[in-house]
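[1] sequence-free structure coming up:
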């Protein structure tokens, strides 16, 4: 149950103002004010209330103590922890923010701040702070880590970072046992549905929820490389829900990850028939066709994607790559430069731009892009291997975009 703050009340007069009251005011005031407790006493009182698990009194005592000593880290932690347990998320967020400012290189306060921000529906800040907390390091507590990663994936869902959410959920599945929320998140990510899992019952029919759960289970199996079970489940779902947007897309991704890339193209094309406005499907199909040497088709798909989403960095990257392989270096530079402006922290883009600059004899620019590539490649490599950004991103800040997750590699 939520716990409220104690309110220090000034006692109101409980008597009527009659004759007795006049006599009272006429009496001399001989009482002396009580001495203010020392800082040592305030901290001792707060510690005692915490140890005795008097949560209500502990919050009040801790508030008094940290007001007297704003640099008391343990006090801020105990206060933030109690407020979070009591679901007092606005106040807990303030306390964790203060603790994080006192211990900027410690990951746990940032992660807990991110969890509070998730509850407050501030999903972008939540994602940034959770990623920062994970990068700086969390305690070796599997339950805590599972909660943090699960909420990171949910932030990505709400922010429509579906491929990144799926990637994070795959890393979650490798390290942690499944539970219903994670299965739901897998299903939401696969179907590109931007909702936190706790809200699914408000928006979907029982039949739709059954699809999300069953698809989520298939994705969980795929994360564990149980491809046979996953493909069998997809076959069943495609028979029952043949016109569901992004179901063929998810199956195409499964086929690619299980080594059956030659079969995935048909699924992507089927997705486009069902879901003709899907930018993601066009770009994934374009990337595959470009790798197979079908550059003309890939170019058409990338341009069609730009008509639907004029600010899509991946479409510009594909177009730049195709021009580069055709030795058309000036249009390649123009397209890739646009991609870099939209996503400056992507290693692949910076590498391609360095290669184009070399062909155009822009030697100084090529060197700058190569240096950026080497720095970002280390970040991307850590992320792809561990599902977490390296601490260096935060300990030695570099110019970055507004999203912390912009340093992550693109799905292309």
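    Sure, I can see it. None of the values given here were measured: they were computed from a predicted structure. Residues are numbered from 1 along each chain as shown.

[2] can you map out the strands along the stretch 1-150 of the chain?
    Using DSSP state E, counting those that start in this stretch, no strands are found in the stretch 1-150 of the chain.

[3] So, low pLDDT: which residues of it?
    In the predicted model, the stretch 1-150 of the chain carries pLDDT under 70 at residues 1-36.

[4] where along it do the helices fall?
    19-26, 39-51, 55-68, 73-85, 89-102, 107-119, 123-136, 142-158 (DSSP state H, counting those that start in this stretch).

[5] Please state the backbone phi and psi of residue 140?
    Dihedral angles of residue 140 (phi, psi; degrees, to the nearest 10) stand at phi -80, psi 70.

[6] quick revisit: how about TSV for the helices of the stretch 1-150 of the chain, with distance to residue 330 and mean neighbour count added?
    Just so you know, the C-beta spots here come from the backbone N, C-alpha and C atoms, and that holds for glycine as well. Below are these laid out as TSV (distance: least, Cβ to Cβ, whole Å; neighbours: other Cβ atoms under 10 Å):
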stretch	distance to residue 330	mean neighbour count
helix 19-26	92	9
helix 39-51	67	16
helix 55-68	61	20
helix 73-85	55	21
helix 89-102	47	20
helix 107-119	44	24
helix 123-136	37	23
helix 142-158	36	21
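
[7] and these as a markdown table, adding distance to residue 379?
    Output for those, formatted as a markdown table (distance: least, Cβ to Cβ, whole Å):
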| stretch | distance to residue 379 |
| --- | --- |
| helix 19-26 | 73 |
| helix 39-51 | 40 |
| helix 55-68 | 36 |
| helix 73-85 | 30 |
| helix 89-102 | 22 |
| helix 107-119 | 17 |
| helix 123-136 | 10 |
| helix 142-158 | 17 |
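
[8] between these, which one is nearest to residue 171?
    helix 142-158 (7.2 Å; Cβ to Cβ).

[9] Scan this structure for its longest helix.
    Secondary structure of the chain read by DSSP state H shows that its longest helix is helix 363-386.

[10] Can you list the buried residues in it?
    Neighbour counts over helix 363-386 (16 or more other Cβ atoms under 10 Å) mark 365, 366, 369, 370, 372, 373, 375, 376, 379, 380, 382, 383 as buried.

[11] Would you agree the first one is in contact with residue 358?
    No: if you go by Cβ atoms under 8 Å, residue 365 and residue 358 don't touch, sitting 9.2 Å apart.

[12] picking that back up, go through the buried residues of helix 363-386 and name the one nearest residue 207.
    Closest approach between these and residue 207, by Cβ to Cβ: residue 383, at 36.8 Å.

[13] domain assignment for this structure?
    37-139, 153-275 (automatic domain parsing).

[14] tell me the mean pLDDT over the longest one?
    Mean pLDDT, domain 153-275: 94.

[15] okay, how far is it across that domain, tip to tip?
    End-to-end distance of domain 153-275 (Cα to Cα, to the nearest Å): 24 Å.

[16] picking up where we left off before, dump the domains of the chain into a markdown table; add distance to residue 292 as well.
    Compiled in a markdown table, the domains of the chain are given as follows (distance: least, Cβ to Cβ, whole Å):
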| stretch | distance to residue 292 |
| --- | --- |
| domain 37-139 | 34 |
| domain 153-275 | 8 |
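
[17] closest one to residue 389 among those domains?
    So among the domains of the chain, domain 37-139 is nearest, using Cβ to Cβ, at 4.4 Å.
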